[in-house]
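Q: Fold the following for me, if possible:
(chains A and B)
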Amino acid sequence: MENARIADRLDEIADLIELEDGSRFRVRSFRGAARTVRSHSRPLEDMVGEGADLTELPSVGSSSAEAIAQIVETGTCDRLERLRSEVPSGTAELMRVPGLGPQRAMQIHRALGVDDLDELRDAAEAHRVRDLEGMGAKSEEKILDGLETLERTAGRMLAHDAADRLRGIGAHLDALDALDRWQVAGSLRRGRETVGDLDILVEASDRETALDAILDHDDIDEVISRGVERTSVRLESGLQIDFRFFEAKNFGAALLYFTGSKQHNIELRKRARKHDWKLSEYGLTKGDTVLAAHDEAAVYHRLGLAWIPPELREARGEIEAAENDELPALIEADDVRGDLHTHTNATDGTASIEDMAAAARERGYEYLAITDHSKRVSVAGGLDEKALRDHARRIRAIDDELDDLWLLAGVECDILKHGDLDLDLDLLAELDWVVASVHYDLGVGESKMTDRLVAAAESGVVHTIGHPTNRRIGSRDPVRFDLDTVVAACAENGVCLEINAQPERLDLPDTHVMAARHEGVRFTLGTDAHRPEGLDLMPGAIAVGRRGWLRARDVLNTLGPDDLRERMGRSGQ
DNA sequence: GCCGTTTTCGGCCCGACTGTTTTCAGTCG
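A: Residues are numbered from 1 along each chain as shown, chains lettered A, B, ... in the order given. I've put the predicted structure just below:
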């Protein structure tokens, strides 16, 4: 069972305890365990199989360890089943409505017999909700709005899409004289792959005027709440934006606070408490004395920590590293000197080799690997041996005409069901660059998938494993394989792991990158561009690398052309 | 339920907004 599914069960336990009005600390404990499980790189299923002591995982104690073991073995656990029998089915679903928490959900269920979202809508439309204690006409309206929002925005949005939507509102904010400064915080600043909403910090001397100006924008569909400290709006796309107003004197503390993550903040506040200080969005304070607030770094320093890059703020050991001055010097956008995974109209791309080369030069790249599909990927018009030989010849002919860009004649070769590569090995060995990827037969099971990837790594002709887990964010879980085994095979054979920059892939995921980076394996960044503008997706891959604690030297495409050539020589080319 | 520079018990992060209330509970982030 996927870690994410185990985490879902733990979250369900937390939901149900909340509805039962159980201890909020107990709720927090199960949520903490769920969070740990969700972000853990190794399958918990394996750990349970080995009899590992799960209580050594953060926020996992004896109760949740037992629950996890049962969930792995049976798909559920005693505690969850008991809760499900005690709390009416469907009530937990009510909590998904924005504005409805456990208390209201249970109150509505008890008083009106409402068991699911449809019945909730009926009750609200029939004005049966407004008569409940503590509720009124507005509460009823809010529930109906919440139901509509829920339908429109199923889950989180890809960071790439959110960043797109930010561009419109950002241009609007830039044009406003009433604003002294604005900055995006939240999960977008942390480089997460998806975002739930956007947090924008605003500095303005006249907040009412600034607020009027901000809200005068066509993209804004609804003002959810309005205040001079906090104002929330929803765009037509369903994306929620929270504007928070701060003064220059505490902007840094606010930026820290609203960048999160929540868990990182909690760790920092605990740290402050040890000194009998208090950390909030207004600053780090000791009684009435402000210790640090103006800029972010000052708050970290006062807490005895180096400034921590936003991408690392996930409570994955970064605070300890900052304390010991052991934070990695993370890879930067400027470090990347070429793209190592792109397509042309020879297969399913839209642009010619020449156009892709021109786009790479415009972006200041020193090299570009052209890696069209192999024949197995027939829907993309994948190339057979003859077609690929001709294609490689054309790529090299064009390369000969270019003196400031090295075009690598490459391929994205399919890894077949039993681990063989889809093209003749002699031909693959002649190419400059070979990405090997799985596209089909994803359901062969963990052990066979491990064997396939290991076989590709041991083939002697592969440079990097493309989009290794084949996940599709929001629609397909990562395909499971034994990461340690695959990483070891790659490290042994000088093969890299790709971080694919496609917004719905971002594969390897950051948790896998973090787990793999110790073993001496190197990574490649590839946009998998199918048109010239596709090259602009590179920041997504860089963000994943940063979230996986990668330094420039961990990534092959930070090398210059000469060093890259030398490095590739290891496989006899 | 989890955790430990307050270490096996007694704590557990902090503040804003809304809608309903006359001082606050619920929800959210």
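
Q: Quick check on A:Asn324: phi, psi?
A: Backbone torsions for A:Asn324, taken as degrees, to the nearest 10, come to phi -90, psi 10.

Q: Next one: the residue most central in space within chain A relative to DNA strand B, how far apart?
A: Chain A has A:Glu193 as the residue nearest its centroid, 2.6 Å off, counting by Cα atoms, centre = their mean. Per Cβ to the nearest atom of the strand, to the nearest Å, A:Glu193 is found 18 Å from DNA strand B. Heads up, the C-betas are built off the backbone N, CA and C, glycines and all.

Q: so what's that residue closest to, chain neighbours aside?
A: What sits nearest to A:Glu193 in space, not counting adjacent residues and going by Cβ to Cβ, 6 or more residues apart in numbering, is A:Leu506, at 4.8 Å.

Q: for the one you found, what are its contacts?
A: A:193, A:473, A:499-500, A:540-541, A:544 (Cβ atoms under 8 Å, 6 or more residues apart in numbering).

Q: could you flag which of those are buried?
A: Buried members of these, scored by 16 or more other Cβ atoms under 10 Å, are A:193, A:473, A:499-500, A:540-541, A:544.

Q: Mind picking the one among the residues you listed that's closest to A:Asn324?
A: Distance to A:Asn324 across those (Cβ to Cβ) is lowest for A:Val544, with 24.9 Å.

Q: in the stretch 201-350 of chain A, which spans are strands?
A: Taking DSSP state E, counting those that start in this stretch, the strands of the stretch 201-350 of chain A run over residues A:220-225, A:230-235, A:240-245, A:278-280, A:283-286, A:289-292, A:338-342.

Q: Among those, show me which one is buried the most.
A: Comparing those by mean neighbour count (mean count of other Cβ atoms under 10 Å), strand A:338-342 ranks first with a mean of 29.

Q: Quick one: name whatever helix or strand follows it.
A: As assigned by DSSP states H and E, the chain's next helix or strand after strand A:338-342 is helix A:353-362.

Q: what lines up beside the next helix-or-strand element following that next one in the sheet?
A: Note on helix A:353-362: by DSSP H and E, the next helix or strand toward the C-terminus is strand A:367-373. Paired strands of strand A:367-373, with direction, are strand A:338-342 (parallel), strand A:406-414 (parallel) (DSSP bridges).

Q: which sections of the stretch 151-300 of chain A are below the confidence cut-off?
A: Scanning the stretch 151-300 of chain A with the threshold set as pLDDT under 70 gives A:152-155.

Q: re earlier: inside strands: which ones of the buried ones among the contacts of A:Leu506?
A: Members of those lying in strands (criterion: DSSP state E): A:499-500.

Q: what's next to stretch A:214-232, contact-wise?
A: Contacts of stretch A:214-232 (Cβ under 8 Å, 6+ apart): A:145, A:165, A:168-169, A:172-173, A:176, A:179, A:202, A:207-208, A:211, A:233-236, A:240-245.

Q: make it 7 Å
A: For stretch A:214-232, contacts defined as Cβ atoms under 7 Å, 6 or more residues apart in numbering pick out A:168-169, A:172-173, A:176, A:207-208, A:211, A:233-236, A:240, A:242-245.

Q: Break chain A down into its domains, please.
A: Under the assignment automatic domain parsing, the domains of chain A span A:3-152, A:157-245, A:249-323, A:333-571.

Q: any idea which of those domains is most buried?
A: domain A:333-571 comes out most buried of the domains of chain A by mean count of other Cβ under 10 Å, with a mean of 20.

Q: which ones are touching A:His391?
A: By Cβ under 7 Å, 6+ apart, A:His391 lies in contact with A:346, A:372, A:383.

Q: Can you tell me which of the residues you listed is closest to A:Glu412?
A: A:Asp372 (6.7 Å).

Q: show me what contacts the closest one?
A: By Cβ under 7 Å, 6+ apart, A:Asp372 lies in contact with A:343-344, A:346-347, A:383, A:391, A:411-412.

Q: Tabulate the strands paired with strand A:367-373 (TSV), appending mean pLDDT and distance to A:His109.
A: TSV is the format used below for these (pLDDT from 0 to 100; distance: least, Cβ to Cβ, whole Å):
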stretch	mean pLDDT	distance to A:His109
strand A:338-342	97	51
strand A:406-414	96	52
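
Q: one step back: so which of the contacts of stretch A:214-232 reach DNA strand B?
A: Within the set of those, contact with DNA strand B (Cβ under 7 Å from any atom of the strand) is found for A:240, A:242.

Q: Relative to DNA strand B, which of the strands paired with strand A:367-373 is closest?
A: Closest to DNA strand B of these, according to Cβ to the nearest atom of the strand: strand A:338-342, at 34.8 Å.

Q: shaky segments in chain A?
A: For chain A, the stretches with pLDDT under 70 are A:152-155, A:474-475, A:569-573.

Q: Next, work out how far apart the residue in it sticking out farthest from the centre and A:Ser139 are.
A: What lies farthest from the middle of chain A is A:Asp131; by Cα atoms, centre = their mean that is 42.8 Å. To A:Ser139, A:Asp131 is 11 Å away according to Cβ to Cβ, to the nearest Å.

Q: One more: A:Leu173?
A: From A:Leu173 to A:Ser139 the distance is 32 Å (Cβ to Cβ).

Q: Give me the residues contacting stretch A:441-453.
A: A:415, A:417, A:419, A:438, A:465, A:468, A:470, A:479-482, A:485-486.

Q: ok and the residue in the stretch 201-350 of chain A nearest DNA strand B?
A: Using Cβ to the nearest atom of the strand, A:Gly227 is the residue of the stretch 201-350 of chain A that sits closest to DNA strand B, at 2.4 Å.

Q: Next, that residue: phi, psi?
A: Taking degrees, to the nearest 10 as the convention, A:Gly227 sits at phi -160, psi 160.

Q: any idea how far A:Met538 is from A:Leu550?
A: 14 Å.

Q: for A:His439, same thing?
A: 26 Å.

Q: Take the contacts of A:Leu506 and keep only those in helices.
A: Counted as lying in helices by DSSP state H, out of these, are A:540-541, A:544.

Q: surely A:Thr342 meets A:Ile353?
A: No: counting by Cβ atoms under 7 Å, A:Thr342 does not reach A:Ile353; the two are 9.8 Å apart.

Q: which neighbours do those two share?
A: By Cβ under 7 Å, 6+ apart, the residues touching both A:Thr342 and A:Ile353 are A:Ile370.

Q: Could you look up the SS state of A:Thr524?
A: strand (DSSP: H, G, I helix; E, B strand; the rest coil).

Q: That'll do, ta.
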